[in-house]
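Undergrad: Generate coordinates for the sequence data below:
(chains A and B)
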Protein chains: 2
Amino acid sequence: MRASRYLIATLKETPADAEIISHQLMLRAGMIRKLAAGLYTWLPMGLRVLRKVERIVREEMDRSGAQELLMSAVQPAELWQESGRWDEYGDELLRIKDRHERDFCYGPTHEEVITDLIRNELKSYKELPANFYQIQTKFRDERRPRFGVMRAREFLMKDAYSFHPDDASLDDMYQVMHDTYCRIFDRLGLDYRPVQADSGAIGGSASHEFHVLADSGEDEITFSSGGRYAANIEKAEALAPTGERPAPTESMTEVDTPGQRTIADISEFLHVDVTRTVKTLVVKSDDEDNPLVALILRGDHELNDVKAEKVDGIAEPLTMATEEEIRAAVGCGTGSIGPVRLPIPVIVDRSAAHLADFVCGANRDDAHLTGVNWERDVRLDRVEDLRNVVAGDPSPDGDGTLEMCRGIEVGHIFKLGRKYSEAMNATVLDENGKSVTLAMGCYGIGVSRIVAAAIEQNHDDRGIIWPGSIAPFNVAIVTLNAHKSPEVMEAAEKLYDQLRQAGFDPFLDDRKERPGVKFADLELMGIPHRVVVSDRGLQAGTFEYKGRQDAEKQDLPVDEVLPFLINTIPVNH
Amino acid sequence: MRASRYLIATLKETPADAEIISHQLMLRAGMIRKLAAGLYTWLPMGLRVLRKVERIVREEMDRSGAQELLMSAVQPAELWQESGRWDEYGDELLRIKDRHERDFCYGPTHEEVITDLIRNELKSYKELPANFYQIQTKFRDERRPRFGVMRAREFLMKDAYSFHPDDASLDDMYQVMHDTYCRIFDRLGLDYRPVQADSGAIGGSASHEFHVLADSGEDEITFSSGGRYAANIEKAEALAPTGERPAPTESMTEVDTPGQRTIADISEFLHVDVTRTVKTLVVKSDDEDNPLVALILRGDHELNDVKAEKVDGIAEPLTMATEEEIRAAVGCGTGSIGPVRLPIPVIVDRSAAHLADFVCGANRDDAHLTGVNWERDVRLDRVEDLRNVVAGDPSPDGDGTLEMCRGIEVGHIFKLGRKYSEAMNATVLDENGKSVTLAMGCYGIGVSRIVAAAIEQNHDDRGIIWPGSIAPFNVAIVTLNAHKSPEVMEAAEKLYDQLRQAGFDPFLDDRKERPGVKFADLELMGIPHRVVVSDRGLQAGTFEYKGRQDAEKQDLPVDEVLPFLINTIPVNH
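TA: Got it, this is the predicted structure:
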């Protein structure tokens, strides 16, 4: 491509409403433009990246044996009513009425449509397993779209759905997809990690998320120092501390703590480490007779909502009791509650249950108890895993300790089980001619989100640093003062043609701009390799080469540039 | 691809609601499935065809210098209000409210979005001309969607928009796009014709439609016997007959014609050829004082609505007067009107104006006039081109006579002029630093419709006959009784691998079905070349070859099959 005939829409200033670096750089590098909240135009430069991501995803899905099809984006409400999601899905589902006032939605996902197709088309276990995918524009009506294409309303997604006569077949396919996703993210050149995830509202028995690691990532993930275990923080199990709980050494004493309400206050006021305090959180229960339940955590630990919601007796979604409800039930404010003589049921986190001689609220305003011990001072009926893991916790699989990092979720694989096939009566005949309900898996990749995630992980203060496989162009040829020197343009065009013939995506920057402007644009746009063709260089018989991340440029003899690039740039980059 | 791991969804029966052959065959061959009215799932087999069409369109657009981008399908109402089309567009525009009750639409076209983009991004004539395209899913909320993907509500379209500092630049690009479209349809292997078209509601100064010729086409098109002129029937000019109008030879006589109302009735009753009768059609005028106007055509000619709407004095849209309005104004019914002493203004078609001694209504029920002559019996004030051309008419460019045929519109190129750029204030600075309003062109191709059009043009009673460049697979290798003979499967797989390595798209039909079932499926699906691998053949050292349209199959020595296919199948087919 020649820059003079191409939309180079770089911006000098960082647009005010772009909060994260990928959004800023995609705007500044002329990759995207905002049309409306959560709606973006992919400019030619950005679309090239998107298409390269799409191609890698498609090639690896095809290699896995999945079959590509294309379902319509607009879906009839009837199928969503059949699965029950028309009512469940909430405001993120963009609902549409057509000219005949019939209900449709702009699909955020396609479980219903594919299940409807498969129940009509597949009849026998002999046709299974089968895995169908599409790469398609989807819509999620986010309440507050932001972060550019990282969380757009309209976005490009690869979604796949597999069908199986039994769970063993689903397990096999799940592993195939896990491996396929690893190949995809390997080829994308991203530092990523598959982590165990909670199956959440979509149901099913197992799920993994694929995260691109980046400090700016919205999700917290954890992995074992041994490297074998990884999970997102919602899912990661906090083991009970090993060994016996220490024996009591102090007697329980009530102390006045006027105005001291937070764990930090109490710790400082009483000169006690936060790890020897507990906090008591009151939430709604699912028991009408006992509408509240208290959760006890060590003072320095955080409640894990997803774990708490799964505990028997706790209402879902997790709902904190109000100050008024607590005062009515307990007789004091939230700052002074504790498990001792508490008139509501108590569930204790594993780590809190291992404490001795701890501090907690006295259930009287401005008073706390010290030297409290389980069993001696307060019964210990229920112990559960309620907290987020923290760095240094033992890994749940015994593989060392846990470390924490942040990630951007770009892929998700699920064992759906029979949630949709049961609701929609999708069956085949098994080997014995008996009707069996299909087991299903589903496998998503956020194709447009990957573009933003790649930038969050790969940038510097000059701009984007694309992984070679998804750079919009892999080599830029920059002409200096070409309008004054036909020799420069001739040499540049010769190299350009040679690179095209050798299968590269060269970008000939033949604009009449100052060298500094061109170099800054190319670094902003993240083109991995740069060759400068100038009069001075030609007189010396050289082109100047610089990699996007090189500290120094180097002069190469004209004839050696092509072999050098062929050696430097991997195939398919 | 191996058939045993692929969704072969052929149907024996023709689905009841499929009216046209392409819709029937796409369902029967397992290319598409209906999800809801006008919404289709492209099954793997059909999607392969769609993607091949898409690729050819993309490659040729890229070759033309157009830049691909991707705009969002969902568009904010504000832009459509700015262009004026939010109110004009009618029910085919699928209007959407998001969760915040803001107005959007699912774009049927993108003039507003691209004009908004360009007015923000391009500042100088130096950046022009520029041509941007996308290949994207669009939505048109047809009142009565039918004919499968030929007229679906959700469909895949290539739309391009070009921007120019002046008309000369637009004219050049229009020619580039015309040539690009010819290359595209050539590569698609379709018998097509570019025809002059009316610019219609979209405005602009010139337009051509590209039609795939097929007897089942919805549109009537005409071309000159010399081959240089072609137009759709709306646009094609009917020249005035050459020479002087014949002199009168009869005197005007009123005759009773009880119960004779149609031209056919009168012609038979009076023993006069229909070409010597005229018919008088009364339509609404745009003149409040004279609300009706009469149009006079030769009895065998048909009114051309598009031409009539453009004639000064005729109301747009064209509206026929009711029987009551006619009786109130003229005093007789529609069957007896004529131009002589008619109390409303008259516009005469060129051919009708050339008649002498003709028959027309007498403006009295059950009476007609014979031997009527212009000027002598009735004034001839206004003569216009009002009728559809018919076969045998002289070509407007003098290039022989006109012939008629039917076509399916698959492409359309427009000189839009400044309709959108003026409404939306899209300007650049010209060479003198003066602000100029951009000239625009737009260029559409119905990508999904092409798949259906290709079938309408290319099929027989056994199924689809794909042009090689868009066949889902180009060679089928059929194994006979492979489950009983490892040698058959081995030989088939070897050929399959060889074909893949040679760059073909082979389809290995390794299903355990009877040969007749396999052959019928492959013919239905339209695979162009078939190689049968059987035990009997292997014993003789041969494979059996048959082209989709060959009358006879032929046995080829095993080693000669690959070179034979390489010679037979063009590159990229």
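Undergrad: Low-confidence bits of chain A, can you list those?
TA: A:200-204, A:572-573 (pLDDT under 70).
Undergrad: Smallest gap between the stretch 151-300 of chain A and chain B, at which residue?
TA: A:Glu154 (4.8 Å; CB to the nearest CB). All C-beta spots, glycine's among them, are computed from the backbone N, C-alpha and C.
Undergrad: And for the stretch 401-550 of chain A?
TA: Taking CB to the nearest CB, the stretch 401-550 of chain A has A:Lys512 as its residue nearest chain B, at 9.0 Å.
Undergrad: Hmm, A:Thr479 and that residue touching each other?
TA: No - using CB atoms under 8 Å, A:Lys512 makes no contact with A:Thr479, being 9.4 Å away.
Undergrad: Who has more neighbours out of the two?
TA: A:Thr479 (26 against 12; other CB atoms under 10 Å in any protein chain shown).
Undergrad: Please export the C-alpha coordinates of the top strand by length along chain A as CSV.
TA: What stands out as the longest strand in chain A, according to DSSP state E, is strand A:402-417. C-alpha atoms of strand A:402-417 as CSV (Å, rounded to 0.1, in the frame of the first residue of the first chain):
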residue,chain,number,x,y,z
LEU,A,402,-0.3,-18.3,44.3
GLU,A,403,0.8,-15.1,42.5
MET,A,404,-1.5,-12.5,41.3
CYS,A,405,-1.7,-10.6,38.0
ARG,A,406,-4.2,-8.7,35.8
GLY,A,407,-5.6,-9.9,32.6
ILE,A,408,-8.0,-9.0,29.8
GLU,A,409,-10.5,-11.7,29.0
VAL,A,410,-10.3,-12.4,25.2
GLY,A,411,-11.6,-16.0,25.1
HIS,A,412,-13.9,-18.2,27.1
ILE,A,413,-14.7,-21.9,26.7
PHE,A,414,-17.6,-23.6,28.4
LYS,A,415,-19.1,-27.0,28.9
LEU,A,416,-22.7,-26.0,28.6
GLY,A,417,-24.0,-29.4,29.3
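Undergrad: after that strand, next one along is what?
TA: Later in the chain than strand A:402-417, the nearest helix or strand by DSSP states H and E is helix A:419-423.
Undergrad: can you tell me the helix or strand for the residue in the stretch 251-400 of chain A positioned nearest to chain B?
TA: Nearest residue of the stretch 251-400 of chain A to chain B, counting by CB to the nearest CB: A:Pro317, 19.5 Å away. A:Pro317 is part of no helix or strand, with elements assigned from DSSP H and E.
Undergrad: ok, A:Glu422 - contacts?
TA: A:Thr437 (CB atoms under 8 Å, 6 or more residues apart in numbering or on different chains).
Undergrad: A:Gly335 - that's part of a strand, no?
TA: No - counting by DSSP: H, G, I helix; E, B strand; the rest coil, A:Gly335 is not part of a strand but helix.
Undergrad: measure it to B:Leu495 for me?
TA: Distance of A:Gly335 to B:Leu495, computed by CB to CB, to the nearest Å: 80 Å.
Undergrad: Kindly report the same for A:Val359.
TA: Using CB to CB, A:Val359 is found at 80 Å from B:Leu495.
Undergrad: quick one, which of these two is more surrounded?
TA: Per other CB under 10 Å, whichever of A:Val359 and B:Leu495 has more neighbours is A:Val359, with 26 against 21.
Undergrad: Hmm, A:Ala367 and the more buried one touching each other?
TA: No - using CB under 8 Å, A:Val359 is not in contact with A:Ala367, being 11.4 Å away.
Undergrad: Mind checking what secondary structure the closest residue to A:Pro394 other than its chain neighbours has?
TA: Of all residues not flanking A:Pro394 in the chain, A:Leu239 sits nearest, at 5.3 Å (CB to CB, 6 or more residues apart in numbering or on different chains). Following three-state DSSP, A:Leu239 is assigned to coil.
Undergrad: correct me, but A:Leu239 touches A:Asp393?
TA: Yes - under the criterion of CB under 8 Å, A:Leu239 makes contact with A:Asp393 at 7.1 Å.
Undergrad: who has more neighbours, the two?
TA: Counting neighbours by other CB under 10 Å for A:Leu239 and for A:Asp393 shows that A:Asp393 has the greater number, 21 against 16.
Undergrad: who's in contact with the more buried one?
TA: A:Ala238, A:Leu239, A:Thr401, A:Leu402.
Undergrad: 7 Å instead?
TA: Taking CB atoms under 7 Å, 6 or more residues apart in numbering or on different chains, we find A:Asp393 in contact with A:Ala238, A:Thr401, A:Leu402.
Undergrad: got a list of what the last one touches?
TA: Translated: A:Leu402. A:Thr222, A:Ser224, A:Ala236, A:Val389, A:Ala391, A:Gly392, A:Asp393, A:Ser395 are the contacts of A:Leu402 under CB under 7 Å, 6+ apart.
Undergrad: repeat for A:Met150
TA: A:Ile20, A:Ser22, A:His23, A:Arg449, A:Ala452.
Undergrad: OK, contacts around the fourth one?
TA: Translated: A:Arg449. A:Val149, A:Met150, A:Phe155, A:Val410.
Undergrad: Please, which helix or strand holds A:Arg119?
TA: Using DSSP H and E, A:Arg119 falls in helix A:111-121.
Undergrad: Next: A:Phe155.
TA: Going by DSSP H and E, A:Phe155 is in strand A:154-164.
Undergrad: Centre of the chain to the helix or strand that that strand is followed by, how far?
TA: Counting by DSSP H and E, the next helix or strand C-terminal to strand A:154-164 is helix A:167-187. Distance, stretch centre to chain centre, for helix A:167-187: 18 Å (CA atoms, centre = their mean, to the nearest Å).
Undergrad: who does whichever helix or strand comes after helix A:167-187 touch, helix- and strand-wise?
TA: For helix A:167-187, the succeeding helix or strand toward the C-terminus, using DSSP H and E, is strand A:192-196. With contacts taken as 3 or more CB pairs under 7 Å, 6 or more residues apart in numbering or on different chains; DSSP states H and E, strand A:192-196 sits against helix A:167-187, strand A:206-213, strand A:219-224, strand A:230-232.
Undergrad: which residue ranges form the helices in the stretch 351-500 of chain A?
TA: A:419-423, A:447-457, A:486-501 (DSSP state H, counting those that start in this stretch).
Undergrad: Could you single out the most deeply buried of the ones you listed?
TA: helix A:447-457 (a mean of 27; mean count of other CB atoms under 10 Å in any protein chain shown).
Undergrad: Please work out how many residues are found near A:Asp559.
TA: Counted with other CB under 10 Å, the neighbours of A:Asp559 add up to 11.
Undergrad: Helix, strand, or coil at it?
TA: helix.
Undergrad: shouldn't A:Lys97 be in contact with A:Asp103?
TA: Yes - look at A:Lys97 against A:Asp103 with CB atoms under 7 Å: they come within range, at 6.2 Å.
Undergrad: give the contact list for the most centrally placed residue in chain A.
TA: What sits nearest the mean C-alpha location of chain A, by CA atoms, centre = their mean, is A:Glu409, with 1.2 Å. Contact partners of A:Glu409, counting by CB under 7 Å, 6+ apart, are A:Glu209, A:His211, A:Asp219.
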